[in-house]
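[1] A structural model of the following input is requested.
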Amino acid sequence: SRWRIAWDGLGFVAASVACLWAAHRARRELTTLLSQPRKTPRALTERGAVLYLKTNLWFGIKAGGSVGHIAGVVNGLQRLGHPVTFASAEPPVMIDEGVKFLPVRPPTAFGLPYELNNYRFQEGFEHTLEAGAALAPSSLIYQRLSAANYLGAVLSRRHRLPLVVEYNGSEVWVAKHWGRGMKFQKLAEMAEEAMLRHAHLVVTISEVLRDELIVRGVEPARIVCYPNCIDPLVFSPERYSQNEREALRAHYGIPLDSTVLAFIGTFGQWHGAEVLAEAISRLHVQESEWLVQHKVHFLLVGDGLKMPQVRATIEGSGAGAICTLAGLVPQDQAGLHLAASDILVSPHVPNSDGTRFFGSPTKLFEYMAMGKGIVASNLDQIGDVLSPGLDARALPAGAPDDDNPELAILCDPGNIEELIRGLKFMVERQDWRSILGRNARQRALDKYTWGHHVQAILGGLSRVEQP
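    Model (predicted):
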């Protein structure tokens, strides 16, 4: 109705004014924060409770690395005896039942510029926490760094609680290079700087990001660097029966006797899904008899920025019959999709602007835990984690020994010929596939569980030098 249109219009105008006012208050508060030294907090008690702040102002994300990372850290802390209160605008995904959920209401109306809604959201978030009972029993604040939010720094100083900030890269950089940029970029940079300056510990997932933090002024003693990991209770090949695996293949219309090569990801700038699509297309055009002989089928799970390009490449070459584009699936279904596959592909590519690849793909560690043969890009942390590996340029002719140490086949990032060579070898050589999968799973269990990750955080917090 016209009345409803007018009412919503007024709400939009009011929200936009509120955004500008919230940004003004944030600028004043951040200017003060950036002029102050970090406070010495109270010590973390042995079984101290943790307040986990998920301050992202986005909704409905049920899949992807961020979902697995959040659940991994929260569950890891809870299982190590630190009761967790999870504060967020949306219910948690894949988080243990013992974790307490504290819902935080987002703004009822959103204004423009959209990024300024984050500062309004922070004010409401702060009010919810201060009005409730979440802060009183807490002995540690953990915040996953999000765009235009510095709530952890404010609460940490006010209540003298240790602050751990999780840094997965600059949101300002991501918006500038992979998005549309921010209209109030300087203000968002101030928010990031305040979080990094007042954090007692900054946790990051790659050496590239650790180096970046040092350049930004974070002392090495305040940094813990540990890759993404897996929950061994969730990602285990024994968890899924043969009937469940066959049912999933049947659901997608994939013949049960196929050799299934799978990719799971959010089809982002650096996931390399478009490279895999080109490899699939070339195989279809140039190796059609080989594909039929080995009953090869590709399963691509996920969606995102590069999906239109992937779809166009596969359909343009006529390879649709050997490729299933499954779309997004809930994170708790990822393990079953991996279990129903035979070979897993991680075709990641470098950053397009020439900067170093700073990622730590969660799916890589999930691949490893499932004990499958992996073909991956030899790219920064991916290559380090999967070393020693077989070089796609010099694959062995003979059978493996039981004590072969290799974990995967490694290709030059973006090199489609090497990727194809690696895929063909993995399809044809089940003997090598078994050895590589076994070794990769053992490495994941030995080094890359969320228990290892959280222990590193707690260890870093116990030894960090307070100001």
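[2] What strand or helix carries the spatially closest residue to G132 that is not a sequence neighbour?
    Nearest non-adjacent residue to G132, counting by Cβ to Cβ, 6 or more residues apart in numbering: L102, 6.8 Å away. Heads up, the C-betas are built off the backbone N, CA and C, glycines and all. Element membership of L102, judged by DSSP states H and E, is strand 100-103.
[3] how about the strands of the stretch 301-450 of the chain, start to end?
    Assigned by DSSP state E, counting those that start in this stretch, the stretch 301-450 of the chain shows strands spanning 323-327, 343-346, 373-377, 390-391, 409-411.
[4] Tabulate these in CSV, adding columns for mean pLDDT, mean neighbour count and distance to G459.
    Formatted as CSV, the strands of the stretch 301-450 of the chain follow (pLDDT from 0 to 100; neighbours: other Cβ atoms under 10 Å; distance: least, Cβ to Cβ, whole Å):
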stretch, mean pLDDT, mean neighbour count, distance to G459
strand 323-327, 94, 17, 39
strand 343-346, 96, 28, 29
strand 373-377, 97, 29, 29
strand 390-391, 97, 20, 34
strand 409-411, 97, 29, 31
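[5] so where do the strands sit in the stretch 101-250 of the chain?
    Secondary structure of the stretch 101-250 of the chain (DSSP E, counting those that start in this stretch): strands at 138-144, 163-167, 201-204, 223-225.
[6] Let me see the residues that make contact with the longest one.
    This points to strand 138-144. The contact list for strand 138-144, computed with Cβ atoms under 8 Å, 6 or more residues apart in numbering, reads 42, 44-45, 48-56, 69-70, 73, 77, 82, 85, 151-152, 155-156, 159, 161-166, 168, 195, 461.
[7] So what's the gap between it and the chain middle?
    Counting by Cα atoms, centre = their mean, to the nearest Å, strand 138-144 is centred 20 Å from the centre of its parent chain.
[8] now it and strand 163-167, what's the angle there?
    Angle of strand 138-144 versus strand 163-167, following axes from the mean of the first three to the mean of the last three Cα atoms, to 10 degrees, is 20 degrees.
[9] Pull out the buried positions in strand 138-144.
    S138, S139, L140, I141, Y142, Q143, R144 (16 or more other Cβ atoms under 10 Å).
[10] and which of those is nearest V296?
    Of all the buried residues of strand 138-144, R144 has the smallest distance to V296: 39.0 Å, by Cβ to Cβ.
[11] Please tell me how far the closest one sits from A87.
    Counting by Cβ to Cβ, to the nearest Å, the gap from R144 to A87 is 11 Å.
[12] just R158 next, same as before
    Taking Cβ to Cβ, one finds R158 at 16 Å from A87.
[13] Can you find the helix or strand in the chain with the smallest mean pLDDT?
    Lowest on mean pLDDT, DSSP states H and E among the helices and strands of the chain sits helix 171-178, with a mean of 81.
[14] Give me the helices and strands touching that one, please.
    Using 3 or more Cβ pairs under 8 Å, 6 or more residues apart in numbering; DSSP states H and E, the elements in contact with helix 171-178 are helix 185-198.
[15] Taking strand 163-167 as reference, get the angle to the helix it packs on.
    Using the same axes, to 10 degrees: helix 185-198 against strand 163-167 is 130 degrees.
[16] what is in contact with R144 and A87 at once?
    Joint contacts of R144 and A87 (Cβ under 8 Å, 6+ apart) are L53, K54.
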